[in-house]
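Chemist: Need coordinates for the following:
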Amino acid sequence: MFFNLFQKKKPVPTFRELVWIDTSAKWKGMISLLLNNQEVVMAAWFPETISLLKQQLELTGMRADVLDARHVRQSLVSGKTLILAEHYPLRSKETPLLEMDAAAVIVCSALDEPFFLHFGGERILELMKKLGVNADEIIEHNMIRQSIKRAQDNLEEKVLLDNSAASAAAWFQKNVPAS
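Modeler: Have a look, this model is predicted:
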């Protein structure tokens, strides 16, 4: 144990949880993040999200690779900013990616996405609108990250087999038993 004193500690990447009111605002926000970061790796968990993000980038005339998050490796993200276009519903699948040696990890979500809707996101969406939160504003707070972790852990208990799907909505239909 004493000899560990002189070993270098692995740097912990900066982590940001960014949530927008709706998906269109999220796409705009992600494009802004891409413009403001030089060394970026963009990834998503579901093929539908990858396709939608590529379409959004093309509409703005930008070119960037959008990878399947399952194929992201340490060598791709080392020293770069990893921007994820969504959460994977199960934390056990997502954690290894979040713990890679990236300079920063940014997870982008929207309250109108299947993950949030499954946990009552429409109520939060309604509240945000009543509070006057602009669609382009980013909602960022540690409390949100903790709520997402709890939601993912809750799903871990319910989901017996992780069936792959083309979209987050299809994943919930295939994997989460109706209550």
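Chemist: can you give me the helices for the protein?
Modeler: All helices of the chain, identified by DSSP state H, fall at 23-36, 47-59, 74-77, 91-98, 114-118, 121-130, 142-158, 168-175.
Chemist: And those: which comes nearest Thr14?
Modeler: Counting by CB to CB, Thr14 lies closest to helix 91-98 out of those; the figure is 11.6 Å. Every C-beta, even on glycine, is put in place using the N, C-alpha and C of the backbone.
Chemist: so what does the worst-scoring helix or strand of the chain on mean pLDDT touch, helix or strand wise?
Modeler: The least trusted helix or strand in the chain, going by mean pLDDT, DSSP states H and E, turns out to be helix 121-130, with a mean of 82. Contacts defined by 3 or more CB pairs under 8 Å, 6 or more residues apart in numbering; DSSP states H and E place helix 121-130 against helix 114-118.
Chemist: by contact count, what packs against the helix it packs on?
Modeler: Partner elements for helix 114-118 (3+ CB pairs under 8 Å, 6+ apart): strand 104-110, helix 121-130, helix 168-175.
Chemist: angle of the second one against helix 142-158?
Modeler: Following axes from the mean of the first three to the mean of the last three CA atoms, to 10 degrees, one obtains 170 degrees for the angle between helix 121-130 and helix 142-158.
Chemist: what's the angle from helix 121-130 to strand 104-110?
Modeler: Per the same axes, to 10 degrees, the angle that helix 121-130 makes with strand 104-110 is 90 degrees.
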